[in-house]
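In: Have a look at this fold, sequence not included:
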C-alpha cells in the first residue's frame, strides 16, 4: 500500500513500515514465549542448583535435559500431522499445538517452583525434562506457524521480530529470574526466592497464550492436506522419511560433510555455557552482578552481534561470515580462562561477556542463514527441525561432562579446551564452502 505525502503524490512506504504489520508484531510476542524455557532449565537453573549445594558434576549432567531440543525432530512429524482432539478443530493445527505446549509449560514451571533440588535432585531433573519437552514442542509448532504465516518476502521481518522477542525473554528468564530470586530469598533459605521466580516465569507464558488466541491460523495450514493414519507405514514414509531422503538426494555425498558442520559449529559455546554461571558463582560474583553484566548487557551485545552478522554476511557472503563467527566464538572462550586467573574482576567480566556474546550473535546470524539455504521449500518445517536438532545433539551431550572436565582441569584449563575444540570446526567450514548449491 502506497503512502501519500502532503503534496498528494504517492510515495513508497519506509523500510521500517513492515514492522508495523500485525503478523510481524505477533512474532515478537510468540518469540518471547519461545525464549522463556531455555534458561529456566539451563543457565538460571544451574545457578539455583549451585546455591542449593549441588556439585558441578551433577550440574553438568543436568544439562542433558537440553537434549530435548536436539531430539525434537523425532516428534516434529506428529506436530505437523496429528490433530489434537477439540483444539485442532477449533483453533487449527498450528495454534492448537502452540497452545497445548504453552499450557504444558505453565503447569510444569509451576511445579518446578515447588521443587527443592537440595532435597530431591531427581524430581527437579524430571520437571526440567518436562519443561524442555514442552519448550521444544512449542518451537516446532512455532517454526511451522512462522513459515506459513507469510510470503518469502515477509520471512526476514518475521525472523527479526521473533529474535527480538526471544532475546527479551532470555533477559527476563535470566536476569529477571535472578533478580526476583534475590529479592524474595529469606535468611533461612534461598528456596523461597526461587519459588517466586519460577511462578512468575510460569505466568509470563501467558504472553504467548494471548498471542496464539489473538492470531489467525495460517491459510497454508487450513488448506493443507493431512496424511491419513490408516496406513501407518505409508504415513511414516511420507512424514518422516521423505524429508531426510530429499536432503541426501540434493547434496549426495556432500550431505555427510554438511551434517558434520551442523553438528559441531556451536560446540565451543554450548559446552562452555553450562559452566558459565557456576563459574561466576565460584568466583564470588553475586546474582545481582551476574544479572547486570551477563544477562542484560551480554544479551544486548548478542543482538548487536546478530545485526552485525547480517550486515557482514551481505557484504562478504555467508560462508566467510560463518568462518569468522566460528573463529571469534572459539577465541573468546580464552577470555574466560584469563578471567579464571584474574578472579573477581568486574571490569574484565564486562569485557569478557561483551566479546563472547557479540561473537555468539554474529555466529548465530550466519548459521541461521546457512541452515535456511539448506532447507527445501517442500519440507521447510520438518527439515529445519532436523537441522536444528542435529546442531544441538553432540554439543549438548558433551556438555553433560563439563562438570567432570572442570573438576579434572580447573576452570582455566576447561575454557582453553573448549576454545581448542572450535579449531576443527573451522576446517569443516572451509571444506563446506567448496560445496556447490544444487540447482
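Out: Arrived safely. All figures in this text were calculated on a predicted structure; none of them were measured in a lab.
In: going forward, measure contacts and count neighbours with C-alpha atoms only.
Out: OK.
In: Can you classify residue 136 by secondary structure?
Out: At residue 136 the chain is in helix, as set by DSSP: H, G, I helix; E, B strand; the rest coil.
In: which ones are touching it?
Out: Contacts here follow Cα atoms under 8 Å, 6 or more residues apart in numbering; on that basis residue 136 touches 68-69, 72.
In: at 6 Å instead, please
Out: When contacts are counted by Cα atoms under 6 Å, 6 or more residues apart in numbering, residue 136 is found next to residue 69.
In: Can you tell me how far it is from residue 240?
Out: 18 Å (Cα to Cα, to the nearest Å).
In: what do you get for residue 138?
Out: Residue 138 is 19 Å from residue 240, by Cα to Cα.
In: Of the two, give the one with the bigger neighbour count.
Out: Set residue 138 next to residue 240 and count neighbours by other Cα atoms under 10 Å: residue 138 wins out with 26 against 19.
In: so who does the more buried one touch?
Out: 98, 101.
In: Same question for the helix or strand hosting residue 327: list its buried residues.
Out: With elements taken from DSSP states H and E, the one containing residue 327 is helix 318-342. For helix 318-342, burial by neighbour count (16 or more other Cα atoms under 10 Å) applies to 318-340.
In: who touches it?
Out: Contacts for helix 318-342 (Cα under 6 Å, 6+ apart): 268, 313, 352, 356, 359-360, 362-363, 366, 412, 415-416, 419, 422, 433.
In: name the helices or strands packed onto the lengthiest helix in the chain?
Out: In the chain, assigned by DSSP state H, the helix with the most residues is helix 402-432. Contacts defined by 3 or more Cα pairs under 6 Å, 6 or more residues apart in numbering; DSSP states H and E place helix 402-432 against helix 56-62, helix 318-342.
In: swap the cut-off to 10 Å and go again
Out: helix 56-62, helix 254-264, helix 267-274, helix 276-282, helix 318-342 (3 or more Cα pairs under 10 Å, 6 or more residues apart in numbering; DSSP states H and E).
In: Please work out the angle formed by the directions of that helix and helix 254-264.
Out: Interaxial angle of helix 402-432 relative to helix 254-264 (axes from the mean of the first three to the mean of the last three Cα atoms, to 10 degrees): 140 degrees.
In: Over helix 402-432, what's the mean pLDDT, rounded is fine.
Out: Averaged across helix 402-432, pLDDT comes to 90.
In: May I see the buried residues of it?
Out: Per 16+ other Cα under 10 Å, helix 402-432 contains these buried residues: 402-406, 411-422, 425-426, 428-429, 432.
In: What separation do you get for residue 52 and residue 200?
Out: In terms of Cα to Cα, residue 52 sits 20 Å off from residue 200.
In: One more: residue 47?
Out: Residue 47 is 17 Å from residue 200, by Cα to Cα.
In: Give me the angle between the longest helix of the chain and helix 267-274.
Out: Using the same axes, to 10 degrees: helix 402-432 against helix 267-274 is 160 degrees.
In: in the protein, which spans are strands?
Out: If DSSP state E is used as the criterion, the strands of the chain fall at 3-4, 10-11.
In: ok, and the closest non-adjacent residue to residue 392?
Out: Nearest residue to residue 392, sequence neighbours excluded (Cα to Cα, 6 or more residues apart in numbering): residue 70, at 4.9 Å.
In: who's in contact with the one you found?
Out: Residue 70 makes contacts with 64, 136, 385-397, as judged by Cα atoms under 10 Å, 6 or more residues apart in numbering.
In: that older thread, quick one: distance of the longest helix of the chain to the chain centre.
Out: Relative to its chain's centre, helix 402-432 lies at 21 Å (Cα atoms, centre = their mean, to the nearest Å).
In: can you check stretch 108-120 too?
Out: With Cα atoms, centre = their mean, you get 23 Å for stretch 108-120.
In: Kindly provide the whole-number mean pLDDT of that stretch.
Out: pLDDT averaged over stretch 108-120 gives 92.
In: Over to stretch 384-393?
Out: Rounded mean pLDDT across stretch 384-393 is 80.
In: All further residue positions should be reported with the first residue as 809.
Out: Renumbered: residue one is now 809, and that last one reads stretch 1192-1201.
In: Need the contact partners of that stretch.
Out: Against stretch 1192-1201 from outside (Cα under 10 Å, 6+ apart): 872, 874-885, 944, 947-949, 951-952, 1051-1052, 1067-1075, 1078, 1175-1176, 1179-1180, 1182-1184, 1188, 1191.
In: Next: stretch 1221-1229.
Out: Defining contact as Cα under 10 Å, 6+ apart, one finds that stretch 1221-1229 is touched by 1072-1073, 1075-1081, 1083-1084, 1135-1146, 1148, 1210-1217, 1219.
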